[in-house]
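Q: got a structure for you, letters missing:
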Ligand code: SF4
Ligand code: SF4
C-alpha cells in the first residue's frame, strides 16, 4: 500500500486559516489502513480545526467526507454537485489523490493533509516499511523476492557492499542489509548458485529517472 | 459503600477503556466539557490485554491536539485503578475536579456563549 503520515496540525492550520468553508476529504484505501487519512482521521482533524477556529473567534464551516478512492474519477465525481460550496478542500489522501482532486476541481484550492511516504508493508501494527520504488522492471524474480532497489541503501544489483556487517546495513544498525536477506533466502530456496551470476546494468529509463511515467493499456481501454 | 464524588462529573460507561477514541475526547470538548478523564483498570490487568494501554496513548494524543489548538492538554487525564476501589475512584474525581477548577472553563464554551450573545 501507499504509506502516509499525518501532517502536523500547525502546518494544516497555516494552509487553511484564511478560508470560511472547508471540506476535509478522506480516502477509504491505503491512507485508511495506515491510519493517516481515513474517516477516523478526518473526524479528528475536523473536530480539532473547528475548536481551533472557534477559539480564535473565527467562523469557519467544516464539512467531512470520505471517498472510496481519490485516485479514480468515479468516486471524485461524488462531490461535484457540492464542491462549489467550499472555499478550499483539505485532502487526506496520498499525493496522488490530492493531485487528482486538484486536477478535477480546477478552481478550488486543494491542500494536502498528509505526507505521502512510500510504497510499503505493515510490518506490525503501527510499523510500516518500504518495499518497492516502482522501478518499472521488477527484478524480484532474481533476488529471492527481496527488492534491492528499495531496501538496499545503495540500490546495488550485485551486493552486498563492504559495509554490510552482521546482517545489518552500514547506514544503520537497525536496518537489515538487503543483500544479506537476499543471500539468506537464496540459500533457503536452494538457489544460491544464482547469486554467482552477475546482474546486468539495469535499464533505469522505466524508473522515475526517465521522467514522469504513464501506463497505457489498449486492451482495457474503452 | 456510599462514597461521594463531585456532582459535576458525567459518567460515560464503556465495556473497556480500549473503546475510547481520540474523537470521543475531542467531541466532548467541542460540546463544551471543561475536562475529560478516562478511568481504566490497573496497567497489566486489562481483560482485553492492552485496552487501558491503548487508552493512555489516545489520551496522550488528545492532549497533544488540545495543546496545539489552544484548549490545553491539561484538561485530559488518564487514571488507573482496581475496579473494586471505590474510594480511589472518588479521590480521582476530586483531584480532576480541582485541576479543572484551576484551569477554568473550556474556552470553546466561552466562544459558544460569545457567539450566541
Ligand atoms: S525491483 Fe522494482 S518493481 Fe520490483 S519491488 Fe523493487 S522497486 Fe518495485
Ligand atoms: S550494507 Fe547491504 S543494504 Fe546497506 S548499502 Fe551495503 S549492500 Fe546495501
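A: Looks like it arrived, so ask away. Keep in mind that this is a model prediction, so the values were computed, not measured. Ligands and ions are numbered 1, 2, ... in the order given.
Q: correct me if wrong: residue B:51 contacts residue B:19.
A: Yes - the criterion here is CB atoms under 8 Å, and residue B:51 meets it with residue B:19 at 7.4 Å. The C-beta positions use only the backbone N, C-alpha and C, and glycine is treated the same way.
Q: residue B:41 is in contact with residue B:83, correct?
A: Yes - at 6.1 Å, residue B:83 counts as touching residue B:41 under the criterion of CB under 8 Å.
Q: quick one: which of those two has more around it?
A: More neighbours surround residue B:41 than the other of residue B:83 and residue B:41, with 18 against 12 (other CB atoms under 10 Å in any protein chain shown).
Q: contact partners for that one?
A: Residue B:41 makes contact with B:17, B:47, B:51, B:52, B:80, B:81, B:82, B:83, according to CB atoms under 8 Å, 6 or more residues apart in numbering or on different chains.
Q: now swap in residue B:104 and tell me
A: Counting by CB under 8 Å, 6+ apart, residue B:104 has contacts residue B:34.
Q: what about it, distance to residue B:72?
A: 9 Å (CB to CB, to the nearest Å).
Q: now do residue A:92
A: 26 Å.
Q: between those two, tell me which one has more neighbours.
A: residue A:92 (28 against 16).
Q: next up, the contacts around that one.
A: A:24-27, A:31, A:36-38, A:41-42, A:45, A:113-114.
Q: quick one, phi/psi of the residue most central in space within chain B?
A: Nearest to the mean C-alpha position of chain B, by CA atoms, centre = their mean, lies residue B:37 at 1.5 Å. Dihedral pair for residue B:37: phi -130, psi 150, per degrees, to the nearest 10.
Q: thought it was touching residue B:79?
A: Yes - Residue B:37 lies in contact with residue B:79 (CB under 8 Å); the separation is 6.0 Å.
Q: where along chain A do the helices fall?
A: Counting by DSSP state H, one finds helices in chain A at the ranges A:9-16, A:30-33, A:39-55, A:73-76, A:95-104, A:148-151, A:178-188.
Q: of these, which is nearest residue A:162?
A: Within the helices of chain A, the stretch nearest residue A:162 is helix A:178-188; the backing value is 11.3 Å (CB to CB).
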